[in-house]
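S.K.: what's the 3D shape of this:
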Amino acid sequence: MKKTLTSVLAIALSSALFLSACAPAQQTTPQEPVAPPTGQQTQTPAAPQVQEPAATATDPITDRGITVAIQGETPSVTPARHTSLIGHFKNVMTHNGLFRICYDTLNPVPDLIESWEAISDTVFEFRLHQGIYFHNGDPLTAYDVVASFIYNRTYPDTRANHTSFDGEDATVVDRYTLRIDTGVPNAMIFFELAHQANFVTSSALIDAGHDFTFDPVGSGPFVFESWASGDSLSFVAFDNYFDVNRQPILTYVDWRIIPEGASRTIALEVGEVDFIVEVAFPDIARMEANPDITVFQRPGTAYNFLLLNNDLPYFDNRYIRQAIDMAIDKEAAVIASVDGFGIPIWENTPNIFPGASRQGIRSFDPEAARTLLAEQGVTPGTLSFEMFASSEEARRRGEVVQANLADVGIATTIVMGDTATYLNITQFGYYEAAFGAFTTTNLLSFLRGTSHIDTIDGQNRSRMYNRELSDLVDQAIATIDEDVRTAILYEASTIANEHIGFIPMHLSLLIRAFNSNLIVPEIAANGFMNFNVAYWAE
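M.R.: Below you'll find the predicted structure:
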């Protein structure tokens, strides 16, 4: 309890961290890109300068790389073929979009483009930097951008999860200029242009039928080198990277897949790896006491939930879902699974974003859960189901849930598997219940991804089908006025709470651990990391 309450205070006290250091003037909050007046143009802001701590004033070492330990394996190194955060870590190393997400504000900022202009509320013109090259030596032009948009939308994840425009809505103006017509005002366009599913590759390779599965050619700061399935991936610095202010200092980044948390900790302690993505919570105190290790913490946006497959008859009833929600002790689950390094949550949206509603939420009340099931004429023993867990933290969370549900008469079993299996079975509904997480930069993207009927078979893995909620999300997307949109999102959030497509569990604190001589300036609240600006101090 003490750790959890401390975490709540950390969230509150750290809200001032979301500053505007690298956000364009038109985008004043982390939640949405507001279209500028017609004809207004914005130039690329100066790249943020890496601030070296006083204790690391020595010159960066320029002939050394790092080895990163990660729990699971990416489903693909091709950006458009997945929506996994684990895969995104690799995609931002090899590819670029027109925009990227600023690590500090979570706002989109220009990346491949030197400027953009709003021709109207629905038509945007983008001017690319000249002198950008793909890893195979092809120059990057507007033709590549448009071809990539069309190509990427041949994959279900990209097609289902992007609303601002179709590939055909993008047109080439000249070699370095393109336009996008969203048809109607769309508050998500710049966020979507920063998403991996809109990353750019060579049109010549697309036309040639190149297999990007094991050769993901992009223009990013690192070049993909190799992938040993189940073991490791390797990337080397791209010497011809276009952004000189963000040119890699590290010569390589190797990723090692180490599923066990204790093994990741030991690997860091003995120097086999230099950076841990998923920190084993029981080991945090030990690592904090080690002068050779830095334990980095900041408020996070990752929302952890228990997915319930709403396509199944017994989960199609929202009152059964509500009863399951009330039967679970979220506080105990946070303590058991992440040693209290998380915030228990009852809302069906991340409560850190404007527009999140508390109306319609419940609390831990096993007796009320039993009563609700009885009112629905449901015998608890008929609700036995499997819960899929893809990590040791999820397994421990599952053990608390299992005991809670047994207390109201619902029998469950925990089934373990890897991340790839989790992604496959949850995307297409081949499961009963599963522990997962969704990280985002704004409430609109969260609702669109997790709860819209158009993203079933995509990010809507609970397979929640609610037309009223989906219509409100569509209305919010088409609303540029921030205050009006926030009010719409509040209404949508209230419906999400009442219909509870999935069971809220907790918001994560973002924690990373790494060698104390390694400087990693850009670790975002949503988990994104930019290793091209990381370096060794000595």
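S.K.: where do the strands of the stretch 301-450 of the chain begin and end?
M.R.: 342-344, 385-389, 412-416, 433-438 (DSSP state E, counting those that start in this stretch).
S.K.: mind putting those in TSV, mean pLDDT and mean neighbour count included?
M.R.: All C-beta atoms are positioned from the backbone trio N, CA, C, and that covers glycine. Converted to TSV, those look like this (pLDDT from 0 to 100; neighbours: other C-beta atoms under 10 Å):
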stretch	mean pLDDT	mean neighbour count
strand 342-344	95	24
strand 385-389	98	20
strand 412-416	98	16
strand 433-438	96	23
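S.K.: same list (those) but as CSV, adding distance to residue 240.
M.R.: Shown next, in CSV, are these (distance: least, C-beta to C-beta, whole Å):
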stretch, distance to residue 240
strand 342-344, 42
strand 385-389, 43
strand 412-416, 44
strand 433-438, 36
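S.K.: may I ask you to name the longest helix in the chain?
M.R.: helix 482-499 (DSSP state H).
S.K.: please name every helix or strand in contact with the helix or strand just after it.
M.R.: Going down the chain from helix 482-499, the next helix or strand is strand 502-515, by DSSP states H and E. The elements that strand 502-515 packs onto, with contact taken as 3 or more C-beta pairs under 8 Å, 6 or more residues apart in numbering; DSSP states H and E, are helix 2-13, helix 261-269, strand 275-276, helix 284-288, strand 293-308, helix 318-327, helix 330-338, strand 342-344.
S.K.: again, only this time at 7 Å
M.R.: Applying 3 or more C-beta pairs under 7 Å, 6 or more residues apart in numbering; DSSP states H and E, one finds that strand 502-515 contacts strand 275-276, strand 293-308, helix 330-338, strand 342-344.
S.K.: report all helices and strands that the longest helix of the chain contacts.
M.R.: Identification of packing neighbours for helix 482-499 by 3+ C-beta pairs under 7 Å, 6+ apart yields helix 443-451, helix 467-477.
S.K.: figure out which of the strands of the stretch 301-450 of the chain is closest to residue 134.
M.R.: Residue 134 lies closest to strand 433-438 among those, at 31.3 Å (C-beta to C-beta).
S.K.: partner strands of that closest one and their direction?
M.R.: With DSSP bridges as the test, strand 433-438 is paired with strand 293-308 (antiparallel), strand 385-389 (parallel).
S.K.: OK, contacts around the closest residue to residue 205 other than its chain neighbours?
M.R.: Leaving aside its chain neighbours, residue 205 sits nearest to residue 217 (5.9 Å; criterion: C-beta to C-beta, 6 or more residues apart in numbering). Contacts were defined as C-beta atoms under 7 Å, 6 or more residues apart in numbering; by that measure residue 217 touches 134, 135, 136, 201, 202, 205.
S.K.: compare the strands of the stretch 301-450 of the chain and give me the one nearest residue 247.
M.R.: Once these are compared by C-beta to C-beta, strand 433-438 is nearest, at 32.5 Å.
S.K.: and the strands paired with strand 433-438: which comes nearest residue 230?
M.R.: strand 385-389 (18.9 Å).
S.K.: what angle do that closest one and strand 412-416 make?
M.R.: 30 degrees (axes from the mean of the first three to the mean of the last three C-alpha atoms, to 10 degrees).
S.K.: circling back to that earlier point, distance to residue 154 added to the helices and strands packed on strand 502-515, as a markdown table?
M.R.: As requested, the helices and strands packed on strand 502-515 are exported to a markdown table (distance: least, C-beta to C-beta, whole Å):
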| stretch | distance to residue 154 |
| --- | --- |
| strand 275-276 | 34 |
| strand 293-308 | 27 |
| helix 330-338 | 38 |
| strand 342-344 | 38 |
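S.K.: and of the helices and strands packed on helix 482-499, who's closest to residue 538?
M.R.: Using C-beta to C-beta, those put helix 443-451 closest to residue 538, at 39.7 Å.
S.K.: now for that closest one, which elements pack on it?
M.R.: Using 3+ C-beta pairs under 7 Å, 6+ apart: helix 443-451 touches strand 433-438, helix 467-477, helix 482-499.
S.K.: quick one: closest of these to residue 448.
M.R.: Across those, closest to residue 448 is helix 467-477 (C-beta to C-beta), at 5.4 Å.
S.K.: CA atoms of the closest one as PDB?
M.R.: Output in PDB follows, covering the C-alpha atoms of helix 467-477 (Å, rounded to 0.1, in the frame of the first residue of the first chain):
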ATOM      1  CA  ARG A 467     -22.200   1.600 -31.700                       C
ATOM      2  CA  GLU A 468     -23.000   4.600 -29.400                       C
ATOM      3  CA  LEU A 469     -19.400   4.700 -28.100                       C
ATOM      4  CA  SER A 470     -17.900   4.300 -31.500                       C
ATOM      5  CA  ASP A 471     -20.000   7.100 -33.000                       C
ATOM      6  CA  LEU A 472     -18.900   9.400 -30.200                       C
ATOM      7  CA  VAL A 473     -15.200   8.500 -30.900                       C
ATOM      8  CA  ASP A 474     -15.800   9.300 -34.600                       C
ATOM      9  CA  GLN A 475     -17.400  12.600 -33.600                       C
ATOM     10  CA  ALA A 476     -14.400  13.400 -31.400                       C
ATOM     11  CA  ILE A 477     -12.000  12.600 -34.200                       C
END
